[in-house]
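Enquirer: below: sequence and its predicted model.
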Amino acid sequence: MGFTEKQEALVNSSFESFKQNPGYSVLFYTIILEKAPAAKGMFSFLKDSAGVQDSPKLQAHAGKVFGMVRDSAAQLRATGGVVLGDATLGAIHIQNGVVDPHFVVVKEALLKTIKESSGDKWSEELSTAWEVAYDALATAIKKAMS
Ligand code: HEM
Ligand code: ISQ
C-alpha cells in the first residue's frame, strides 16, 4: 500500500504541534548531539556555542528539516516518490562531512522529538508515517550524495 491521505494528515498535524514550541528544535539537536557528539562541529551555528541554546538560526535549520519531511509526505501521497527540490543538497552534505550513519541518528532524534511534541496524539501509526516520509527523503539525499 502506498502512502495514504491519513498518513499525510498525521504528519501535517504533528508538524504543526512541533512548530508551536521552539523548545522542540532544541530537543532535536540535543538528542542528535547525545548520539553523535562530533556532529556539533559540523553545524556553523553550533560550533562556537557552549551547548545547544535556543536561537533563531537553530530553529530555522531544524524547522527546515521537519518541513522537508512534511513535504516529502505530501509528495509520497501524491506521486508515490520523493524528488529533491534542491539539487545542491547532496553536495552541501558531502562538504559538511555527513556520512550514512548520521542519517540514522537524525531519524531517531526526529522520531523522539515528534513523540514529545505530539503528546497524547502520538501513536505507532503517526510515528510510522514520519519514518516512511523521512526514509524516502533520506534516500533521495543520499542518492544525490553518491
Ligand atoms: C545542511 C536538510 C540530513 C548535517 C542542510 C541544508 C538542508 C538540510 C536544507 C541546507 C542548510 C540549512 O538550511 O540547514 C537535511 C535533511 C536531512 C538532512 C532534510 C534528512 C532527511 C542531515 C544529516 C546530517 C546533516 C544526517 C548530519 C548530522 C548538515 C550540515 C549542514 C546541513 C552540517 C550544513 C549546516 C550549516 O550551514 O552549518 N541540511 N539534512 N544533515 N546538513 Fe542536513
Ligand atoms: C540536518 N541538516 C540540516 C539542518 C539540521 C538541523 C538540525 C538537525 C539536523 C540537520
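Expert: Good, I have the coordinates. Ligands and ions are numbered 1, 2, ... in the order given.
Enquirer: and whichever residue of the chain sits closest to ligand 2, what element?
Expert: Using CB to the nearest ligand atom, His61 is the residue of the chain that sits closest to ligand 2, at 4.1 Å. C-betas here are computed from N, CA, C, even on glycine. Per DSSP states H and E, His61 falls inside helix 56-79.
Enquirer: can you name the residues in contact with that helix?
Expert: 2-5, 7-8, 11-12, 15, 18-19, 22, 24-26, 28-29, 43, 45-46, 52, 81-83, 85, 106, 110, 129-130, 132-134, 136-137, 140 (CB atoms under 8 Å, 6 or more residues apart in numbering).
Enquirer: which pLDDT value goes with the residue of the chain closest to ligand 2?
Expert: We note a pLDDT of 91 for His61 in this prediction.
Enquirer: and the helix or strand just after the helix holding His61, what's buried?
Expert: Counting by DSSP H and E, the next helix or strand C-terminal to helix 56-79 is helix 89-95. Buried residues in helix 89-95, counted by 16 or more other CB atoms under 10 Å: Leu89, Gly90, His93.
Enquirer: OK, contacts around Ala87?
Expert: Applying CB under 8 Å, 6+ apart, the residues near Ala87 are Ala144.
Enquirer: need phi/psi at it.
Expert: Per-residue torsions, Ala87: phi -70, psi -10 (degrees, to the nearest 10).
Enquirer: contact residues of the chain facing ligand 1?
Expert: 39, 42-45, 61, 64-65, 68, 89, 92-93, 96, 98, 102-103, 106, 134, 137-138, 141 (CB under 6 Å from any ligand atom).
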